[in-house]
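# When you get a sec, could you give me coordinates for this:
(2 chains)
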Amino acid sequence: MKMVKRIFIGFVVIIIVIQFIQPVRNTSGQVVPQSFIDTFQPNDTIVKLLANSCFHCHSNNTKYPWYTNIQPVGWLMAKHINDGKDELNFDDLAALSNRRRNSKFKSISEQIEQDKMPLKSYLFIHRNAALNEADKKLLINFFQSKIHNN
Amino acid sequence: MKLLFIGVAVASAISFSACNSNADKTTDHSAMQHNLDTMKDMPMHSSTTSNAATTSKFSEVFSHYQHLTFALANDDSKEAANGAKAMGEAIAKVDKSGFTADQQKGYADLEADMKEHTEHITANANNIAHQREHLETLSKDVYDLTKSFGAGKPLYKIYCPMYNDNKGAYWLAESKEVKNPYFGNKMLTCGEVQEELK
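Next up is the predicted model:
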């Protein structure tokens, strides 16, 4: 029993200590990626959908829920955002070549179409980020219309 | 104290469930590492020697691309991942000396795009449909590469009108024989030669 108590106390100490290790925050201060909006001219509905379902992990500005202040949740979130931005960052799209934009837009359409994005594990916690069929169609049509060959 | 403990338990449960999607990714990476290790024994360093084949700076890129399309035609997604991995490495090793400024810019663009597609194909050894989606764009890159830099040997552009809900897609092959990488066994011979590249 003494052993169990020690392990428990050790565990609690670790949890407390890791609270002081806060990951760097992904915040640019820009609520929406302006260069993306200027270049690709999405309408307000599209912007709203993207802001609600995509930009938190795929842009330079994340809106952090309160529980991300608790570790290791915050670390996990930081990793998700890093991975997300590696694949696609809406703040960088405007600077890409036509070829690279086309590739990104094609992948975005496919990921939305196949319900691969937003991630199921993300939707589990953020139900309001889910896209319904009409939302999906709007987004897919928008991105398809931005694919220009040549 | 009890409350804190429960809180911690809940938090870790959440973090584990959120981590699931990443779990397969990491295993993929370790599998990739294995492939990389076994491939080190293969002779793949011809481009670094001065007596390299005079055909094309891209002959390795093409041959691994071919490897990839054959694997997909065989419905073998593991082998396709190997081919894509090797292609990605060949792309990074292409000798850019002698490129004009325009060619450098053009190649950098193609390189970045091909790199992204080969990485996705490599990382999706369990998802052949996704590999095929990336093959479609990758093939366009390889086609443009051939158009800008030459193939060094005859290549055929083969078009299958049925892929992706009849939107159609093409691939490139060294022979006219149709081995469809988009459908594999389901429709192996769907496709027609559209163009001969040199």
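
# now the closest residue to residue A:139 other than its chain neighbours: how far from residue A:10?
Spatial nearest neighbour of residue A:139, chain neighbours left out: residue A:112 (5.5 Å); criterion: Cβ to Cβ, 6 or more residues apart in numbering or on different chains. Where you see a C-beta, it was placed from the backbone N, CA and C, and this is true even at glycine. Going from residue A:112 to residue A:10 by Cβ to Cβ, to the nearest Å gives 45 Å.

# More neighbours: which of these two?
Neighbours were counted for residue A:112 and for residue A:10 using other Cβ atoms under 10 Å in any protein chain shown; residue A:112 has more, 22 against 10.

# Next secondary structure after the helix or strand harbouring that one?
Mapping residue A:112 onto the secondary structure by DSSP states H and E places it in helix A:98-113. Sequence order places helix A:120-125 as the next helix or strand after helix A:98-113, per DSSP H and E.

# per-residue pLDDT, residue 120?
You didn't say which chain, so I picked chain A. Looking at residue A:120, its pLDDT is 90.

# oops, I was thinking of chain B
93.

# Ok, residue B:9 next?
At residue B:9, the model reports a pLDDT of 50.

# likewise residue A:85?
pLDDT recorded at residue A:85 is 92.

# Would you check that it makes contact with residue A:56?
No: with contacts counted by Cβ atoms under 8 Å, residue A:85 stays clear of residue A:56, the gap being 10.7 Å.

# The two: who's more crowded?
Neighbour comparison, residue A:85 and residue A:56: the larger count goes to residue A:56, with 22 against 18 (by other Cβ under 10 Å).

# surely the more buried one meets residue A:65?
No: applying Cβ under 8 Å, one finds residue A:56 not in contact with residue A:65, separated by 9.5 Å.

# Tell me the buried residues in the helix or strand of chain A with the lowest mean pLDDT?
Ranking every helix and strand in chain A by mean pLDDT, DSSP states H and E puts helix A:120-125 at the bottom, with a mean of 88. Applying a neighbour-count criterion of 16 or more other Cβ atoms under 10 Å in any protein chain shown, one finds A:121, A:122, A:123 buried in helix A:120-125.

# The last one touches residue A:129, doesn't it?
When you say that, I think you mean residue A:123. Yes: under the criterion of Cβ under 8 Å, residue A:123 makes contact with residue A:129 at 6.0 Å.

# Which strand or helix spans the spatially most central residue of chain A?
By Cα atoms, centre = their mean, chain A has its centre lying nearest to residue A:57, at 1.6 Å. Here residue A:57, judged by DSSP H and E, is contained in helix A:55-58.

# do residue B:156 as well
strand B:155-160.

# Please apply the same query to residue B:195.
strand B:192-197.

# Wasn't residue B:170 part of a strand?
Yes: according to DSSP: H, G, I helix; E, B strand; the rest coil, residue B:170 belongs to a strand.

# ok, which stretches of chain B are helices?
For chain B, the helices defined by DSSP state H cover B:2-39, B:59-73, B:77-93, B:101-123, B:128-149, B:163-166.

# Output the third one as CSV, nothing but the C-alphas.
Going back to what we said before, that points to helix B:77-93. Written as CSV, here are the backbone C-alpha positions of helix B:77-93 (Å, rounded to 0.1, in the frame of the first residue of the first chain):
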residue,chain,number,x,y,z
SER,B,77,0.6,-0.7,-52.3
LYS,B,78,3.6,-1.7,-50.2
GLU,B,79,5.7,-2.0,-53.4
ALA,B,80,4.3,1.3,-54.6
ALA,B,81,5.4,2.9,-51.4
ASN,B,82,8.9,1.5,-52.0
GLY,B,83,9.0,2.8,-55.6
ALA,B,84,7.8,6.3,-54.5
LYS,B,85,10.4,6.4,-51.7
ALA,B,86,13.1,5.6,-54.2
MET,B,87,11.7,8.1,-56.7
GLY,B,88,11.8,10.8,-54.0
GLU,B,89,15.4,10.0,-53.3
ALA,B,90,16.3,10.1,-57.0
ILE,B,91,14.5,13.5,-57.3
ALA,B,92,16.6,14.9,-54.5
LYS,B,93,19.8,13.7,-56.2
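
# if you average pLDDT over it, what comes out?
Throughout helix B:77-93, pLDDT has a mean value of 92.

# Could you give the separation of it from the chain centroid?
Between the centre of helix B:77-93 and the centre of its chain there are 6 Å (Cα atoms, centre = their mean, to the nearest Å).

# What residues sit buried inside that helix?
Using 16+ other Cβ under 10 Å as the test for burial, helix B:77-93 gives B:77, B:79-91.

# Thanks a lot, catch you later.
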